[in-house]
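Sharing a sequence plus its predicted fold:
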Number of protein chains: 2
Amino acid sequence: MRTSFAALLCDYCLEVRPGQQVVVRSNTLAAPLLVALQRQLLEREAWPLLRTELPGQAESFWAAARDAHLDAFPPLELVEAERTDASLAIQAPENTRALAGVDPARMARAARARAPVREAGLQRRWCVTLWPTPAGAQQAGMGTADFEAFVRRALFLDREDPVAAWQQLRERQARLIERLAAARELRVEAEGTDLTLSVAGRTWVNSDGRRNMPSGEVFTGPIETSAEGRIRFGVPSSPRGVEVAGVELEFREGVVVAARADRGDDVLQATLATDDGARRLGEIGIGTNFGIDRPVGAILFDEKIGGTIHLALGRSYPETGGVNESAVHWDLICDLRDSGRLSADGEPVASMR
Amino acid sequence: MRTSFAALLCDYCLEVRPGQQVVVRSNTLAAPLLVALQRQLLEREAWPLLRTELPGQAESFWAAARDAHLDAFPPLELVEAERTDASLAIQAPENTRALAGVDPARMARAARARAPVREAGLQRRWCVTLWPTPAGAQQAGMGTADFEAFVRRALFLDREDPVAAWQQLRERQARLIERLAAARELRVEAEGTDLTLSVAGRTWVNSDGRRNMPSGEVFTGPIETSAEGRIRFGVPSSPRGVEVAGVELEFREGVVVAARADRGDDVLQATLATDDGARRLGEIGIGTNFGIDRPVGAILFDEKIGGTIHLALGRSYPETGGVNESAVHWDLICDLRDSGRLSADGEPVASMR
């Protein structure tokens, strides 16, 4: 798996070229993939710059960080972000709840201070992916070997030619976007759900696996005042390392007017109270990856499940034309596979399988 | 051990100040020390920048490196070396012979290309130390727990106040240097050994544990044409990852005119043939650390053994006044504790215990 995974990241996601400096951020649990990447980057005459965290290092940072560390960043990190040709982040959790005890306000404060580093990184080629670990498997409710096989399918590493499979997904999504670009109103219907929103004039993005591996979604930013109705999100999510499940939202003129959750209601209410933008939608996305057949508690995978849609409370992506601003961007997933339906201007959007 | 070790590195070796960026290079085997260092650097309001290698990463680099990687370096590494406030290298071998199979010519070529990075790093505060690993213990011929206790004694971490112990060593060495600064000729006598050399007008350096932890030596560069006689080095060393033992050298007017080794004679001969400077001495050092009572196969420790002297073939340190130039700097150790003697202008140099 590590060899074909590393090749996919080098040749499809990052399109590595000789002489490039490629920063790879992960931790020691991803060692097999990291060593394979080092070798393949060297074979492509690039410079691998591995930034490997130790088990417990992130948790320990939050335990020991002083105020000075929340309101600034090490200047070298900005220089690195500005001069790197490409950066790859590999999630490989040792414990998916490692930061559950960290005060969200401190995390938000550090995230604000680090905005220049983040912005600089986004100007370069970048990609986020995941290496299967026992903790990731536990989160998914699977044995580790089964989770590895699941990740392989999600990344099309079980296909004969993974790069070709991702190119086919891109073409399939391009056809879906052709259909959606003409639509004005979308309607989501499912159990406990009947929501309409407008996407008139907005731009759809073809997320084809080059920035998220896996991807498999198309998304846009809905008109900020358009959402009307109610929706139930059956797939749990963990916006701040704490699980929130069974979220139900009611919208009037784009604003959340009622909200509850079966689990994690306090997190839901606190998030909605963050700022004005947190009560409006910043994104609607449609999952198209049928290699992902069930939620595993990692948003990188769950929002791509073929046959689901997701809405994000908070910040929109400017490239969509969306203008919602917020410190929040929380993806909530609604599964349409059993008895749900997405329609555009009254016509069902065909299955994308 | 990790807590007092980290404190010694922060407060004595690097004298860390708030806001400083401190790069720490090591590998995952040093994890306990690295996590303690991260915490203590944060507590001192510095920025820990950990660069942790994975097991096998260095070996894998040499296996996969292309010509392009031997003749250049990633530009970000030079920027980092120039902008770091302090850097710490922690040796923590997984296998002390990991690079025994790498062509020395390729290593030398890469070392030449990386000279600007090395030079930039030496302009800043820096320190080299060692974390006890099973491989380090094996090299020393000890059990791992015994080796840990040995390292603790070598670093004065068994003392009530390690920083005070290092300050005392510095004062003790300062008095030794007062004595040596007046000397013109040194003579080394031991089994198979009777060597004289001149240090007239040269500067002695007080190596007090701030750049090497442990240290405990004073050294200078002998007059390059002065060495006369013969010397046997009873302590083995491993200049290129291959052990060389029982080295005997004969000098005339500062130049090696005969050389043999009980083990690794081919390495000895190849090293002497590197360049003109490799056949002359660049350093004479006197070990003063009586916490180190036996060689362990790590030069960082062995050259500091209280009661030994070492001579280096090759490059001298400019701050001593030495002018020998060479790609080689190979420390060879002669144990004077049993029946040997070091004298200066005919008077024995007193034991420094």
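Okay, I see it. Note that this is a predicted model, so its numbers are computed, not measured. Numbering: from 1, shown residues only, chains lettered A, B, ... in the order given.

who in chain A is up against chain B?
Residues of chain A lying close to chain B (Cβ under 8 Å from any Cβ of the partner chain) are A:18-19, A:21, A:28, A:31, A:34-35, A:38-39, A:42-43, A:45, A:47, A:49-57, A:60-61, A:63-66, A:68-69, A:74-76, A:79-80, A:83-84. Where you see a C-beta, it was placed from the backbone N, CA and C, and this is true even at glycine.

Which among these count as buried?
A:21, A:28, A:31, A:34-35, A:38-39, A:42, A:45, A:47, A:49-57, A:60-61, A:64-65, A:69, A:74, A:76, A:79-80, A:84 (16 or more other Cβ atoms under 10 Å in any protein chain shown).

among these, which are in strands?
Per DSSP state E, strands hold the following members of these: A:Gln21, A:Trp47, A:Leu49, A:Leu50, A:Arg51, A:Thr52, A:Glu53.

what sits opposite the first one in the beta ladder?
Beta bridges link A:Gln21 to A:Trp47 when assigned by DSSP bridges.

quick one: low-confidence parts of the stretch 251-353 of chain A?
Applying pLDDT under 70 to the stretch 251-353 of chain A flags residues A:351-353.

just the strands in it please.
For the stretch 251-353 of chain A, strands defined by DSSP state E, counting those that start in this stretch occupy the ranges A:255-260, A:281-287, A:308-314, A:329-335, A:341-344, A:347-348.

With the stretch 51-200 of chain A instead?
Under DSSP E, counting those that start in this stretch, the stretch 51-200 of chain A gives strands at A:86-91, A:125-130, A:185-190, A:193-198.

okay, now the domains of chain A?
A:2-131, A:165-348 (automatic domain parsing).

okay if I get the ones you listed as JSON lines plus distance to B:Leu99?
Supplementary listing: those in JSON lines, determined by distance: least, Cβ to Cβ, whole Å:
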{"stretch": "domain A:2-131", "distance to B:Leu99": "16"}
{"stretch": "domain A:165-348", "distance to B:Leu99": "34"}
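
for those domains, which one sits closest to B:Thr220?
Set against B:Thr220 and scored by Cβ to Cβ, these come closest in domain A:2-131, at 36.2 Å.

Sticking with A:Ala6, tell me its helix or strand.
helix A:2-8 (DSSP states H and E).

what about the helices in chain A?
A:2-8, A:31-43, A:57-64, A:67-70, A:75-83, A:104-113, A:115-122, A:134-140, A:144-154, A:162-181, A:265-272, A:299-302 (DSSP state H).

in the stretch 201-350 of chain A, what residue is nearest chain B?
A:Gly241 (20.4 Å; Cβ to the nearest Cβ).

Can you tell me which of the helices of chain A is nearest to B:Trp131?
Nearest to B:Trp131, of the helices of chain A and by Cβ to Cβ, is helix A:57-64 at 16.1 Å.

Contact partners for the closest residue to A:Gln173 other than its chain neighbours?
Excluding the flanking residues, the one nearest A:Gln173 by Cβ to Cβ, 6 or more residues apart in numbering or on different chains is A:Asn206, at 4.8 Å. Shown in contact with A:Asn206 (Cβ atoms under 8 Å, 6 or more residues apart in numbering or on different chains): A:Arg170, A:Gln173, A:Ala174, A:Ile177, A:Val218.

if I pick the first one, what's in contact with it?
By that I understand A:Arg170. Per Cβ under 8 Å, 6+ apart, neighbours of A:Arg170: A:Asn206, A:Asp208, A:Gly209.

what do you get for the second one?
By Cβ under 8 Å, 6+ apart, the residues touching A:Gln173 are A:Asn206, A:Ser207, A:Asp208, A:Gly216, A:Glu217, A:Val218, A:Thr288.

switch to 7 Å and redo it
Residues counted as contacts of A:Gln173 (Cβ atoms under 7 Å, 6 or more residues apart in numbering or on different chains) are A:Asn206, A:Asp208, A:Val218, A:Thr288.

Between the domains of chain A, which one is closest to B:Gly340.
Taking Cβ to Cβ, domain A:2-131 is the member of the domains of chain A nearest to B:Gly340, at 44.7 Å.

Average pLDDT for that closest one, rounded please.
For domain A:2-131, mean pLDDT is 96.

Quick check: end-to-end length of that domain?
Counting by Cα to Cα, to the nearest Å, you get 9 Å between the two ends of domain A:2-131.

of the ones in strands among the buried ones among the residues of chain A next to chain B, closest to chain B?
Distances from chain B to those, taken by Cβ to the nearest Cβ, are shortest for A:Trp47, at 3.9 Å.

about what we covered before: can you give me the distance of the residue of the stretch 201-350 of chain A closest to chain B to A:Ala110?
14 Å (Cβ to Cβ, to the nearest Å).

got a markdown table for the strands of the stretch 51-200 of chain A, with mean neighbour count and distance to B:Val255 too?
Shown next, in a markdown table, are those (neighbours: other Cβ atoms under 10 Å in any protein chain shown; distance: least, Cβ to Cβ, whole Å):
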| stretch | mean neighbour count | distance to B:Val255 |
| --- | --- | --- |
| strand A:86-91 | 21 | 52 |
| strand A:125-130 | 20 | 56 |
| strand A:185-190 | 20 | 86 |
| strand A:193-198 | 19 | 87 |
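
Make JSON lines out of those and add distance to A:Glu148.
Shown next, in JSON lines, are the strands of the stretch 51-200 of chain A (distance: least, Cβ to Cβ, whole Å):
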{"stretch": "strand A:86-91", "distance to A:Glu148": "14"}
{"stretch": "strand A:125-130", "distance to A:Glu148": "11"}
{"stretch": "strand A:185-190", "distance to A:Glu148": "31"}
{"stretch": "strand A:193-198", "distance to A:Glu148": "34"}
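
Nearest to B:Ala273, out of those strands?
Once those are compared by Cβ to Cβ, strand A:86-91 is nearest, at 43.5 Å.

what angle separates that closest one from strand A:125-130?
Going by axes from the mean of the first three to the mean of the last three Cα atoms, to 10 degrees, strand A:86-91 is angled at 10 degrees with respect to strand A:125-130.

And the contacts of strand A:86-91?
So strand A:86-91 is contacted by A:9, A:14, A:16, A:20, A:22-26, A:30, A:33, A:121, A:124-131, A:300 (Cβ under 7 Å, 6+ apart).

any idea how far A:Pro116 is from A:Ala270?
A:Ala270 sits 27 Å away from A:Pro116, going by Cβ to Cβ.

Correction: the previous question concerned A:Val151.
33 Å.

more neighbours, these two?
Neighbour totals were compared for A:Val151 and A:Pro116, and A:Val151 leads with 26 against 13 (other Cβ atoms under 10 Å in any protein chain shown).

Please name the residues that touch the residue nearest to the more buried one when sequence neighbours are not counted.
Using Cβ to Cβ, 6+ apart and skipping residues adjacent in sequence, the residue nearest A:Val151 is A:Pro132, 4.6 Å away. Each residue near A:Pro132 by Cβ under 7 Å, 6+ apart is listed here: A:Phe147, A:Glu148, A:Val151.
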